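Participant: Kindly return the folded structure for what I paste below:
(one chain, ligands or ions: 3)
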Amino acid sequence: MAEFFKDIPKIPFKGVNSTDPLSFKYYDPDEVVLGKTMREQLKFALSWWHTMGGDGTDMFGVGTADKSWGESDPTARAKAKVDAAFEIMDKLSIDYFCWHDRDLSPEYGSLAATNEKLDEIVDYIKEKMDKDPTKKLLWGTAKCFDHPRFMHGAGTSPSADVFAFSAAQIKKAIESTVKLGGSGYVFWGGREGYETLLNTNMGLELDNMARLLRMVIDYGRSIGFTGDFYIEPKPKEPTKHQYDFDTATVIGFLRKYGLDKDIKMNIEANHATLAQHTFQHELRVARDNGVFGSIDANQGDPLLGWDTDQFPTNAYDATLCMYEVLKAGGFTNGGLNFDAKARRGSFTPEDIFLSYIAGMDTFALGLKAAAKLIEDGRLDKFVEDRYASWTTGIGKDIIDGKATIDDLEKYALEKGEVTDSLSSGRQEYLESVVNQVIFNL
Ligand code: XLS
Ligand code: NI
Ligand code: NI
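Facilitator: Numbers count the residues shown, from 1 in each chain. Ligands and ions are numbered 1, 2, ... in the order given. Predicted coordinates for the structure are as follows:
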């Protein structure tokens, strides 16, 4: 089998003083952090669409990176992509990968022909995984947004025929996920949203989206899928208003349709900021509601209002992310998928490796800093003290359900002014604690 990246060695861990660009400075797969190796804590995944398919095409120009993998025939290219992906994962010590069905294998006219070709590629991946069981599928998904048939959505299309087609396509995608032993299946809302309410029956579209999810979940379980289903919230792009706006919105939707026990969240950093939230906020909402699942690791540009999907290099955000992940008990079926692409100007094969190294080192830093924040304990202690009034007296009575509104009135009348019960929020102090722990130079 051809080696695609002859000039790239297996990327070694060389430590913080190394200036070798093709080395990890912080990511040492075997280093133990809070009882698990970094490899186990971080569970990095390669995204098939950006890494194997994304060539830098944008609205203003054609691709800048060659992602043909030396093949012009679509089937030969799909296979070459598999070989190249496994080589990239090997060289970067990445154990997991994620795909859309159409990233693996394109459309070939009829759905039947497309499915047959997809099977061929999935079988090819399976053969490689059987030979190398360190490579695992983090999640699969269906690309129900690319083809013109999805112009008005898939599960929320006004056309019942498009809904049926989408269901059929997703059926095949979940079957492929099961065949590859995937631990997750993602629903990102593609074009599930609207441009204008003047032409949209929002109530019907949301009911239909729930119908589709229920069908896929029941079918997945019936064929032995034991992993997690995830929704990936996103507020806008491609539609003006995406139905899965943010985690809180999705939780409301899931509860309305009785799907809340079946679906967790795949939180993407850039989607969080598009929704005017911090990444940490979205993770916290998921954690507090018991639906934290997996992460699409990337970052947006604060000056741009779209999903730029940059490789994450902001160590501060990565720290607060890993803080939430550790507090949630770490990943179970989920992991850190780099839903990220090198910039259009970073077009060489080497840039694939340099961008993953940047992202992986950033999350290694984030993990180590988050572990230190937890070990340091000052943040936890501060929050605990701030809410101490809920552990005794009237606070405890409220929590225990013992205090009625009459009791509270009596209490408040006797107590008088309560401003003195407050203490400072100390935001600046806490931010300086985070800096001290992260940088500790
Ligand atoms: C797009 C989404 C997409 C999902 C997978 O914004 O992030 O890439 O992760 O469908
Ligand atoms: Ni994503
Ligand atoms: Ni995205």
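Participant: list the helices and strands the top helix by length along the chain packs on?
Facilitator: Ranked by residue count under DSSP state H, the longest helix found in the chain is helix 349-376. Here helix 349-376 touches strand 32-33, helix 38-42, strand 44-47, helix 74-92, helix 315-327, strand 336-338, helix 427-439, going by 3 or more C-beta pairs under 8 Å, 6 or more residues apart in numbering; DSSP states H and E. All C-beta atoms are positioned from the backbone trio N, CA, C, and that covers glycine.
Participant: Distance from the chain centre to the last one, please.
Facilitator: Okay, so that is helix 427-439. Helix 427-439 has its C-alpha centroid displaced from the chain centroid by 27 Å (C-alpha atoms, centre = their mean, to the nearest Å).
Participant: which parts of it are buried?
Facilitator: Applying a neighbour-count criterion of 16 or more other C-beta atoms under 10 Å, one finds 433, 434, 437, 438 buried in helix 427-439.
Participant: same deal with stretch 289-302?
Facilitator: Applying 16+ other C-beta under 10 Å to stretch 289-302 flags 289, 291, 292, 293, 294, 295, 296, 297, 298, 299, 300 as buried.
Participant: Quick one: end-to-end length of that stretch, please.
Facilitator: End-to-end distance of stretch 289-302: 28 Å, with C-alpha to C-alpha, to the nearest Å as the criterion.
Participant: what's the answer for stretch 331-351, then?
Facilitator: Start-to-end span of stretch 331-351 (C-alpha to C-alpha) is 28 Å.
Participant: is ligand 1 contacted by it?
Facilitator: Yes: with C-beta under 6 Å from any ligand atom as the measure, stretch 331-351 is seen reaching ligand 1 through residue 339.
Participant: Stretch 80-98 too?
Facilitator: No: counting by C-beta under 6 Å from any ligand atom, ligand 1 has no neighbours in stretch 80-98; the shortest distance is 7.6 Å.
Participant: for stretch 292-299, same thing?
Facilitator: Yes: on the criterion C-beta under 6 Å from any ligand atom, stretch 292-299 is in touch with ligand 1 at residue 296.
Participant: Run the chain-centre distance for that stretch.
Facilitator: With C-alpha atoms, centre = their mean, you get 3 Å for stretch 292-299.
Participant: Just the CA trace of that stretch, in CSV.
Facilitator: Provided in CSV are the C-alpha atoms of stretch 292-299 (Å, rounded to 0.1, in the frame of the first residue of the first chain):
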residue,chain,number,x,y,z
PHE,A,292,-23.1,15.5,28.2
GLY,A,293,-21.8,13.2,25.5
SER,A,294,-19.1,14.2,23.1
ILE,A,295,-17.3,17.2,21.8
ASP,A,296,-16.5,18.7,18.4
ALA,A,297,-13.2,20.4,19.2
ASN,A,298,-12.6,23.5,17.1
GLN,A,299,-12.8,27.3,17.5
